[in-house]
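# Provide a 3D model corresponding to the input given below.
(2 chains)
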Amino acid sequence: MSDLRWLDDAEDPARQALRRGLDESERFAHSELRQRRVWARVSDPARTFRDTRRAFIRGALVASALTAGAVVIVQRVQQDGPTTTQVAHVESKTSGPEVVPLDVAAAAGTVVETQPGERLVRLLPRGARAELSPRTAMAVDGEGRPELRRGEIRFSVAKNEIKTNDRFSVRVASYRVVVAGARFVVKAQAQAITVAVEDGVAEIWNGSHVVRIGSGETWSSEADQDTVGAETRGAAKAGARTGAPRASRDHAPALAPTAAGSSEEDLRDREDLAAARAARAASDPRRALALYEQLATHSGPTAENAMYEIGGIYHDQLKQPAKAIAAWDRYRARFPRGLLRAEADLSVIDTLASLDAPGSSDGGLRTLNEALAFLKRYPHSERRGEVARVAGDIYRGRKDCRAALDFYRAALNAKIASEDADDASFGQAACLYELRDEGATAALRAYVSERPRGRHARDAARLLGDKGTP
Amino acid sequence: MVKLEGIDTTPADPSRSGVEAREREMVRRCVEGDTSAWRSLYDRHFPDVERLVSSLGIVDSEADDICQEIFVIIYRNLARFRGEARLSTWIYRLATREAIRYARRRRLTRGLADLFARDRGRELPSDWSESEAGRRHYLRQLLERLPPERRLALVLYEIEGLPVSEIARISDCAENTVWTRLHRARTELEKIAREAIQ
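The predicted structure is shown next:
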């Protein structure tokens, strides 16, 4: 059968042009704007049912007259030079943006866009409300998770919903903002992405690193991108796995000095910050350290960032873990609710765990305390699984297999990297073995069959071969 | 008389019967005045109705008006939906009927307006085939000259690339009718295009 379409074999120019015209014609493109416009007219089914077409025309005429009248009134008020109170009064009388619950099944893959001057409210799953500013584009996936493509959205997430494991998150470029409850604004501009929390707490994830910000705090991606220098990338590549959660200092989130970028002092700070980063990237940690120490004597985000970075330099470049921990401790003492607090806590746990030799004098007590404090402080952190695995390891090292089992189970129930899952899985089986639990054999066999090349495959096989295995 | 068209004679598919049950439930809620069900129905079927209207060359504010009319009609008739066909088929049927009626009225009005127009600028210039913009613009004018049913068949087949079975479903007619409309639309278009260039 021929695949030729109509006029594909046309020889005269008129018919050829006709075929080309058909091929070049714009295919139908759905207009969400039209959908909203028409919905505004047919949204009240009871009224729709009652009204005849004539009534619609009459209604439209009346509405037009009212709109025109309202416009005239607003214009008059504006001409009279309204006070702030007057404007607020006028605004409160006008109807707000249309609130539309999102039908996830129907909306999957679509992009909601607002035109200049248009505002829109969408009710999303997980008890979230999204207020789209003008010139904003928001995509929604099959599970109702939004992605900010352009513009600005203010989200409000109901607090009772955030306690579930399936927390509300917003994707914006390579970042993911996970809400630990609250109201916040996400803005995507050409140069930077900004997250401002009005109330509650939000985590901003980029790959494996996270920044946690609270009420009244703002985070910007602008400085974040600058921090990923050549050397730090190298450090990431060379980063050997330790017995602790992988620290993410190689992509350490930097804090942008916000809202005050115009003063001379801030400009100087930015220059010093850039010089310190350059020195660090150029493998001149001493100079970087000196610059960061100087910046740490200042205040605000610059000082906070500098204090965090000092720990990173001691750890990554000067190989002085004790001084690194001391630096992060200083950071935590000065900025107990700092934006990089979660990152600092994880870095401390990571470093302490790497220092804990088997049979050490305190049996990893400080690491354990740090891990338990982290789990208590960040009940919704995506790094909980890794930290729980560390706690499990320490308890097992201290021969407290019952406690270790609890933490291994918590780790395996969370999202963790395969290496952590490997450790937790074997740790759980080994604890059952130590406790002479009936499930030990099954757990060890499961480990061997699921991970024949696992890090502990030999140990698991040895325990299975042990005649004492229950 | 038993109408076979639109009745599915294939063995019962549990997933499909589930869908149909959900549709009937949605319609029932709409009839009872449940606004969220009505919104859901509207959101799901608006793009299809919009495409139908757009295929008939109805655009801009006119498209808003006709989409509104169609949904008013759908709402008024929801109580009569018996679930003998899929809801989408039923909606298409109503929408096509109304959209074609609207397009006919519009064509008549425009024809009358053209008769009295001082500047009869709707003639096709002989150079229409030389640029992409020209081809697209004048193709739209060519399509305006086709009766709505033929235009619908041609646009859905040649531009949107839909299969004839789907066009038959949208247009609420037999597949053979679609082929006939398509053939006539093509012949007519070729004739007008050739005349314009000569």
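# For the residue nearest the centre of chain B, which three-state class applies?
Central residue check for chain B by Cα atoms, centre = their mean: the C-alpha nearest the mean position is that of residue B:52, 3.2 Å away. Here residue B:52 is recorded as helix under DSSP: H, G, I helix; E, B strand; the rest coil.
# List the buried residues for the lengthiest helix in chain B?
Longest among the helix segments of chain B by residue count, using DSSP state H, is helix B:87-116. Applying a neighbour-count criterion of 16 or more other Cβ atoms under 10 Å in any protein chain shown, one finds B:87, B:90-96, B:98-100, B:102-103, B:106-107 buried in helix B:87-116. The way it works is simple: take the backbone N, C-alpha and C, and place the C-beta from them, glycine included.
# now do stretch A:67-77
When neighbours are counted by 16+ other Cβ under 10 Å, the buried residues of stretch A:67-77 are found to be residue A:74.
# what's the model's confidence in that stretch, averaged?
Predicted confidence along stretch A:67-77 averages 72 (mean pLDDT).
# got it, and stretch A:172-190?
Throughout stretch A:172-190, pLDDT has a mean value of 82.
# mind checking how far that stretch is from the chain centre?
For stretch A:172-190, the distance from its own C-alpha centre to the chain's C-alpha centre is 7 Å (Cα atoms, centre = their mean, to the nearest Å).
# number of nearby residues for the closest residue to chain B within the stretch 1-150 of chain A?
Evaluated by Cβ to the nearest Cβ, the stretch 1-150 of chain A has residue A:17 as its residue closest to chain B, separated by 3.1 Å. Applying other Cβ atoms under 10 Å in any protein chain shown, we find 22 residues neighbouring residue A:17.
# So it is in contact with residue B:193, correct?
Yes. Look at residue A:17 against residue B:193 with Cβ atoms under 8 Å: they come within range, at 7.0 Å.
# For residue A:154, give me phi and psi.
With angles defined as degrees, to the nearest 10, residue A:154 sits at phi -100, psi 120.
# swap that for residue A:186, sorry
Recorded main-chain torsions at residue A:186 are phi -110, psi 130, according to degrees, to the nearest 10.
# coming back round to it: which residues touch the residue nearest to the centre of chain B?
With contacts defined as Cβ atoms under 8 Å, 6 or more residues apart in numbering or on different chains, residue B:52 is in contact with B:92, B:95, B:96, B:99, B:152, B:170.
# And the helices in chain B?
For chain B, applying DSSP H gives helices covering B:14-31, B:35-55, B:60-77, B:87-116, B:132-144, B:148-154, B:164-171, B:175-197.
# and the shortest one, what does it pack onto?
Just to be clear, that refers to helix B:148-154. Secondary-structure packing of helix B:148-154 (3 or more Cβ pairs under 8 Å, 6 or more residues apart in numbering or on different chains; DSSP states H and E): helix B:35-55, helix B:87-116, helix B:164-171, helix B:175-197.
# switch the cut-off to 6 Å
Other elements packing on helix B:148-154 under the criterion 3 or more Cβ pairs under 6 Å, 6 or more residues apart in numbering or on different chains; DSSP states H and E are helix B:87-116, helix B:175-197.
# export those to JSON lines and tack on distance to chain A and mean pLDDT?
What follows is these, written out as JSON lines (distance: least, Cβ to the nearest Cβ, whole Å; pLDDT from 0 to 100):
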{"stretch": "helix B:87-116", "distance to chain A": "11", "mean pLDDT": "81"}
{"stretch": "helix B:175-197", "distance to chain A": "4", "mean pLDDT": "86"}
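# nearest to residue A:213, of those?
helix B:87-116 (46.3 Å; Cβ to Cβ).
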